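Undergrad: I would like to see how this sequence folds:
(chains A and B)
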Amino acid sequence: MNNVRNKKRANKSLPFFFKDEFKVFFVIIFVSTILLVTTFTFDKVPPILNRGIQPATFPKGLLVLIMFLTTIIYYLSFKNPWKKEKKLPKPFFLTILSFIFFVIISKTLDFFLAISVLSIFVSYNWGEKRVFYLLLVGIIFPLVVFIFFEMILGLRFPPGIITNLYYY
Amino acid sequence: MMAPLFSSKLLIVLLFGTLFGLILGVLPGLGPTTGGALILPFTMTLDPLSAIVLLTSIYCAGTYGGAITAVLINTPGTPAAAATCLDGYPLAQKGEAGRALGMATVSSTVGGIFSVIVLVFFAPVLAKLAYEFGQPEYFALAIFGLTMLASIGEGSPIKNLIAGAFGILISTVGKDFMTSIDRFTYGINELSVGIGFIPVVVGLFAISEMLTQSTLLDQVFKRVALKAVKLPSLDDYKKTWKTILRSSGIGSFIGVLPAEGGTVASLIGYAEAKRFSKEPEEFGKGSIEGIAGAEAANNAATGGAMVPTLALGIPGSATTAVILTGLIIHGVRPGPDLFREQPDFLYGIFGAMLIANVLFFIFGFFGAKLFARITLVPNKILWPMIFAVSVCGTYSLSQSIIDVWIMLFFGALGFFMRRFGFSVVPVIIGLILGELVEGTLRQSLVIFDGNWLMFLTRPIALTFFILSFIALAFPLLRSKKQKK
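TA: Residues are numbered from 1 along each chain as shown, chains lettered A, B, ... in the order given. Next comes the predicted model:
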C-alpha cells in the first residue's frame, strides 16, 4: 500500500514535461505546426480557375482543428491525468531497430534479404533459439511467399543481390 | 438471391474465406480487418464478385472466430469478442466449454442471419433515399459519420475526433484532385499520387499489433480443455431466445451507425441482456445469457455495417472500410446507382453473407477444437511470418518500396496512438472519407457561391448537422449524468 502511495506521489512530483500528456500534446502541436507552415508554401490557384476554396485551405482547417482539440485534451488531463503506461521492454526497441535495418537493407542490398534478416532477428529476440524454426521463419516461409507472389500475382520484386539471382 | 453463388468457383472462395476468417478471428491480435487488408492484393486475381465474397465471408467468420479464443483462453480473438470473455471463460472453467461455445456458435449464426435480412430490406431503402442527396448532403452525411464514430466509438471522443481529422489529413497528401497542385509531397514523386489505403491499414493494424505483441512476450495463455462443442439444450434455448433476438436487433442497428460496429454492439447487447435477465447476479460468473447477448450482437453488426457501405459508400466499421476499398479497387462504386445497375452483384454479396453464416456454424460446431489449437502457434514464429506477408502484400499493389516504408511508419505510429488511448479506426475511416469530405465541401461551396450559411438551407444536410451536434454533445451529457 505504501509503495503504491509513494509511486503516486512520485508521479505527481514529475515535472510537467516528463508526463505522457505533455509529450503527446507537444508532439502533435509540433508536427501540426510544421505541416501548417508547409501549407503556406502550396501553390495558389488564380481566382479564375479556383473552384470554391484554395487547395491549402482545407488542410489548414484540419490542422487548426487538430491543434485546437489537442489543446482541449491537454487541458482536460489536468483534471483527469492519464493512466501511467508501463515502461517498454527491450524486445520492443529491438523490433523497432529491426524495422530500421529493414529499410536500410531493402534500399541498399535486397528486398528479400531484408525480409529474411528481419524475420530471423525478430524471432530470435522474441525468444526463438531453435535453428530449424529460425530457418523456417527467415528463409523457408519468405521464399514460399516470394514464389507465391511472383508466380500467382505476377509480381516483380525490386532488384537486389539475391533477387537478381532468381531473375537472371 | 443465391443464383450468382451457384458456381463452384464462388463456393470454393466462400469456403476458403470462411476458413481463413475463422483462423484470423481465433488468433488474438489478428482479425477480419487486418486479414482483409492482407488478402486484398490477392483479390486482384479474382473477378469483382468473388473478391467481395471472399472479403465478406472473412468478415462474418472472423467476427465469430473471436469467441473461440474468448471462451477457451479468456483473450478475445477480436475486440468484438471482449464481452464474450466475461461469461464464456468462467463457464468454460466450470467444465462447460462445449456448452459455452455451442451457445456462442448458435447466437452468432442467428445474429448474423438476422442482420443479413436487415441488410436485404434496409440497404435498398437507404439507397433510394440517397437519390435525394446532392453534394451538400453527402458532405453533411460524411461529417455525421465521423462525429458518430468519435462519439460512440471506443475511448475518448475528442481523441477519436483528432484521429479522424488526421485520417482526412492523410487523404490530402498528393496532387489536389481539383487543381492538380501538390500538397505535402516534399518533392517526393511517389507521394504525388497520395498515400495508399493498404500501407496505412496494414501498418495501423498488423504492424502496430506486432509491436504490441513485442511488449507482451511474458504473457502466458492458459487454455481450458474442450471435448466437443455442444448444441444448447432446450432449457438454454428457452432462457436465451429473447436475448438472442434483442441482441440481434441491437447489433444490426449499431452496425448501421458508422462506428466500431461489433465491439460497441457486443457491449450494449451484453449490458441489455443483463438488464432484462431474471438472474443478473449470474453475469460475470458464467451466464449463458451473457454469452448469447454479446455474440448475437457482434455478429448482427456485420450485416448492419454493410448497409451504409453498400447504399452510401460510407463504411460502417473498419472491416467494411477494407471491403469498400476492395469494391473501389475492382471498379465497383457503391451507392444508389449500384442498386439500380448491378442488382445481381449485390444479391451475390447478400447470399454470400448468408451462406458464410451457415458455414461458420458448421465449421465452428465441428472444428472449434482444431481452431483452438491454432492459438498454440507461438508469437515468435507467427508474427515474423505475418510481417513477410504484410510487406509483400503492401508492395504488390503499386510495386513501390515507398509503400512498405509508409506501412512501417504507420505501424510505429499506430502503436503509440493505441498506447496513449487514440483509436486507429477513425484514421482509417477518415482516410476513406477524406476525398468525399473535401470534394463535396468544395463543390458545395461552388454551388453556394462561397456562402457557408447556405448549408443550413438544405433540410437533409441540416438534419445531419443537427444529428452530428447531438452525437458530439452525447458523451458530454453522459459523463455529466454519470457524475450526478
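Undergrad: what residues go with each domain of chain A?
TA: In the domain annotation for chain A, the residue ranges read A:2-79, A:90-167 (automatic domain parsing).
Undergrad: For B:Ile386, which of the ones you listed is the nearest?
TA: Smallest distance to B:Ile386 across the domains of chain A (C-beta to C-beta): 10.1 Å, for domain A:90-167. C-beta coordinates here come from the backbone N, C-alpha and C atoms, glycine included.
Undergrad: Contacts (any at all) between chain B and the closest one?
TA: Yes - Domain A:90-167 reaches chain B (C-beta under 8 Å from any C-beta of the partner chain) through A:91-92, A:94-96, A:99, A:102-103, A:106-107, A:111, A:115, A:118-120, A:122-123, A:126-128, A:133, A:136-138, A:141-142, A:145-146, A:149, A:152-153, A:155-158.
Undergrad: if you look at those, which of them are in strands?
TA: Using DSSP state E, no member of the residues of domain A:90-167 next to chain B sits in strands.
Undergrad: Report the residue spans of the stretch 351-484 of chain B with pLDDT below the cut-off.
TA: B:478-484 (pLDDT under 70).
Undergrad: now with 80?
TA: B:368-377, B:397-398, B:448-455, B:471, B:474-484 (pLDDT under 80).
Undergrad: Likewise for chain A?
TA: Using pLDDT under 80, chain A drops low at A:1-19, A:46-53, A:83-85, A:150-156, A:165-168.
Undergrad: Spatially central, which residue of it would that be?
TA: A:Ile96 (8.7 Å; C-alpha atoms, centre = their mean).
Undergrad: Tell me the spacing between that residue and B:Phe409.
TA: Between A:Ile96 and B:Phe409 the distance is 11 Å, computed by C-beta to C-beta, to the nearest Å.
Undergrad: now A:Val137
TA: Between A:Val137 and B:Phe409 the computed distance is 23 Å (C-beta to C-beta).
Undergrad: Of these two, which one has the most company?
TA: Neighbour count, other C-beta atoms under 10 Å in any protein chain shown: between A:Val137 and B:Phe409, A:Val137 has more, with 25 against 17.
Undergrad: Test my guess that the more buried one contacts B:Trp383.
TA: No - between A:Val137 and B:Trp383 no contact is recorded; they are 9.0 Å apart, counting by C-beta atoms under 8 Å.
Undergrad: Tell me which residues touch the residue nearest to the spatial centre of chain B, please.
TA: Central residue of chain B (C-alpha atoms, centre = their mean): B:Thr319, 3.4 Å from the mean position. Residues in contact with B:Thr319 (C-beta atoms under 8 Å, 6 or more residues apart in numbering or on different chains) are B:31-33, B:36, B:59, B:62, B:305.
Undergrad: Looking at pLDDT only, which of these scores worst?
TA: Least confident of these in the model: B:Gly31, at 79.
Undergrad: Look at that residue and say how many residues are nearby.
TA: By the measure other C-beta under 10 Å, the count of residues near B:Gly31 is 31.
Undergrad: Sticking with the residue nearest to the centre of chain B, tell me its helix or strand.
TA: helix B:318-329 (DSSP states H and E).
Undergrad: which residue packs closest to the residue of the stretch 51-200 of chain B at minimum distance from chain A, ignoring adjacent ones?
TA: Per C-beta to the nearest C-beta, the residue of the stretch 51-200 of chain B with the smallest distance to chain A is B:Asp176, at 4.1 Å. Computed as C-beta to C-beta, 6 or more residues apart in numbering or on different chains, the closest residue to B:Asp176 that is not its neighbour in sequence is A:Pro55, at 4.1 Å.
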